[in-house]
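Engineer: After the sequence you'll find the predicted model.
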Amino acid sequence: MGNTKELQMTISSREVAEMMEVNHKDLLKKIDNINETFESEKIRSQKYWTESSYKTEGNNKTYREFQITKKGCEFLAHKSTGEKGIIFTDRYMDRFEEMENKLIDISTKDKYISEIDIAKAELSLVEATAKLL
């Protein structure tokens with residue numbers, strides 16, 4: 001069937017922590033606790049988030065973070081209550097919509113460029129054929 005890997009949009013847990021108005025270290029701890037349950041129940045955490053790392057400018061130290069999928073944000077939103085949960089849900093939904101719209105813009109532009117390239121190639125072929133005649 002081909003070797004295409006599905007593109008998965010994610011948001012850094014640092015950005016998610018900002019959206020949730022919590023400390024990043026507290027969000028990491030929350031995800032670690034959820035992952036313990038996932039592991040014991042044999043649930044794949046990768047459908048929600050994957051662990052990664054980052055470095056800050058001017059500092060060579062590596063820090064933990066997670067790349068969180070839309071489904072992961074939905075999961076975290078369900079674990080959040082009250083006003084903060086409502087605000088986080090609105091923010092992550094807007095953020096993913098923004099990323100999806102950028103992907104649509106890029107794919108539309110790529111399609112348009114491809115159509116221009118095909119038209120140029122056809123024109124070159126017609127010109128080359130005319131020279132032969």
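Structural biologist: Cool, got the structure.

Engineer: Only C-alpha atoms from now on, for both contacts and neighbour counts.
Structural biologist: Noted.

Engineer: Now do the helices in this protein.
Structural biologist: 13-20, 24-40, 70-79, 82-132 (DSSP state H).

Engineer: Lowest average pLDDT across those helices?
Structural biologist: Among these, helix 82-132 carries the lowest mean pLDDT, at a mean of 74.

Engineer: Report how far apart the opening and closing residues of stretch 30-49 are.
Structural biologist: Using Cα to Cα, to the nearest Å, the gap from the first to the last residue of stretch 30-49 comes to 13 Å.

Engineer: For it, buried residues please.
Structural biologist: Applying a neighbour-count criterion of 16 or more other Cα atoms under 10 Å, the buried positions in stretch 30-49 are 31, 35, 45, 48, 49.

Engineer: Ok, stretch 80-100 next?
Structural biologist: For stretch 80-100, by 16+ other Cα under 10 Å, it's 80, 85, 87, 88, 89, 91, 92, 95, 96.

Engineer: Could you do stretch 55-71 as well?
Structural biologist: For stretch 55-71, by 16+ other Cα under 10 Å, it's 65, 66, 67, 68, 69, 70.

Engineer: I'd say the third one and residue 50 touch.
Structural biologist: By that I understand residue 67. Yes. Using Cα atoms under 8 Å, residue 67 makes contact with residue 50 at a distance of 5.3 Å.
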